[in-house]
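[1] What shape does this take:
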Amino acid sequence: MILAAAQFDPTDGSIDKNLGYHYNLIDLAYTHKAQLIVFPEMSITGYVRERAPDYAFVENDKRLSELRKLARDYRMVIIAGAPIRIGEKLHIASFVLLPDNSVKIYTKHFLHKGEEVAFESSKEHNPLIKLNGEEFSLAICFDIENKEHLEAACKNKSTFYVPSLFYTNGGIEGGHETLGSYAKKYKMNVLMSNFCGKSYGLDAGGRSAFWDNKGSLVESLDEDSQGLLLVERNDNGWKGTSIFTNYE
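    Numbering: from 1, shown residues only. All right, here's what the predicted structure looks like:
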């Protein structure tokens, strides 16, 4: 099994440009035979808060059509984020685009302080992703700071925990410590994606990473570079590779 975490420098509010990064990184992941790729929090829009209503997606948004096509054509699970409006409520969400052309939605369970001005939390949308006999649970950013979130994934017998983050360069070290401790304590593989560059006027911390279910850090990207983290499982465990790109 080969998995990928994407890292790039977003342009807040520029959906077409950010989708272009997605297409390029998905193509790159496909050339390396990845079966799943995860992107950071609100990867399609960049981290938008007060302007989120202007960029909000809906459940069957036409702007996802190319991502859905890539998921079908490449037989790949694609996890990408954006604000979503469900009924009258606005949430931070991950779209899970599956090879069978279906789309599942995960909504952020726990909001960071300040996000409540634009969003509402919700635990109603919490899909489990099945791949190669494994169970994948999703998370978005501040979810990982709440142990009950990880414990719920364990109760669901998940073997992988997949957070989409927007952690700054001042917070990513703590994020690494938290996720590494989860992997060791709960015996769960952890695949994390984070932005580099800037979003919401803040310096993102990069360092997208993978920990195996013993808590060992298998591979991590650096703080600043765009690219892919790839991990492959073989008979001897997990092997990681970093691939750097230069998208403008």
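[2] can you tell me which residues contact the closest residue to residue 123 other than its chain neighbours?
    Nearest residue to residue 123, sequence neighbours excluded (Cβ to Cβ, 6 or more residues apart in numbering): residue 109, at 5.1 Å. For every residue, glycine as well, the C-beta is placed using N, CA and C. With contacts defined as Cβ atoms under 8 Å, 6 or more residues apart in numbering, the neighbours of residue 109 are 121-123, 126, 139-140, 143, 146, 149.
[3] again, only this time at 10 Å
    Contacts were defined as Cβ atoms under 10 Å, 6 or more residues apart in numbering; by that measure residue 109 touches 91-92, 121-126, 138-140, 142-143, 146, 148-149, 152.
[4] Helices along the chain, start to end?
    With DSSP state H applied, the chain shows helices at 15-31, 52-55, 65-74, 147-155, 172-186, listed in chain order.
[5] Look up the residues forming beta bridges with the residue nearest in space to the middle of the chain.
    When the chain is reduced to its mean C-alpha position, the nearest residue by Cα atoms, centre = their mean turns out to be residue 164, at 3.0 Å. Taking DSSP bridges, one finds residue 140, residue 193 as the beta-bridge partners of residue 164.
[6] ok, residue 151 touching residue 143?
    No: taking Cβ atoms under 10 Å as the contact criterion, residue 151 and residue 143 are not neighbours in contact, 11.8 Å apart.
[7] With neighbour numbers in mind, choose between those two.
    Between residue 151 and residue 143, counted using other Cβ atoms under 10 Å, the more crowded position is residue 143 (27 against 12).
[8] need the contact list for that one.
    The contact partners of residue 143, by Cβ under 10 Å, 6+ apart, come to 41, 92, 106, 108-112, 121, 137, 149-150, 152-153, 161, 163-165.
[9] What remains of those residues if I keep only buried residues?
    Neighbour-count burial within the contacts of residue 143 applies to 41, 92, 106, 108-112, 121, 137, 149-150, 152-153, 161, 163-165; the criterion is 16 or more other Cβ atoms under 10 Å.
[10] gap between the nearest residue to residue 26 once chain neighbours are set aside and residue 150?
    Once its chain neighbours are removed from consideration, residue 26 has its nearest residue in residue 70; the separation is 5.2 Å (Cβ to Cβ, 6+ apart). Shown here: residue 70 relative to residue 150, a distance of 30 Å by Cβ to Cβ, to the nearest Å.
[11] cool, residue 35 as well?
    Note on residue 35: its distance to residue 150, by Cβ to Cβ, is 23 Å.
[12] thinking again about what came up before, so what's the residue count around the residue nearest to residue 26?
    Other residues near residue 70 number 21, with proximity taken as other Cβ under 10 Å.
[13] wait, what's in contact with the residue nearest to the centre of the chain?
    Contacts of residue 164 were listed using Cβ under 10 Å, 6+ apart, and they are 5-6, 38-43, 79-81, 92-94, 106, 108, 138-141, 143, 192-195, 208.
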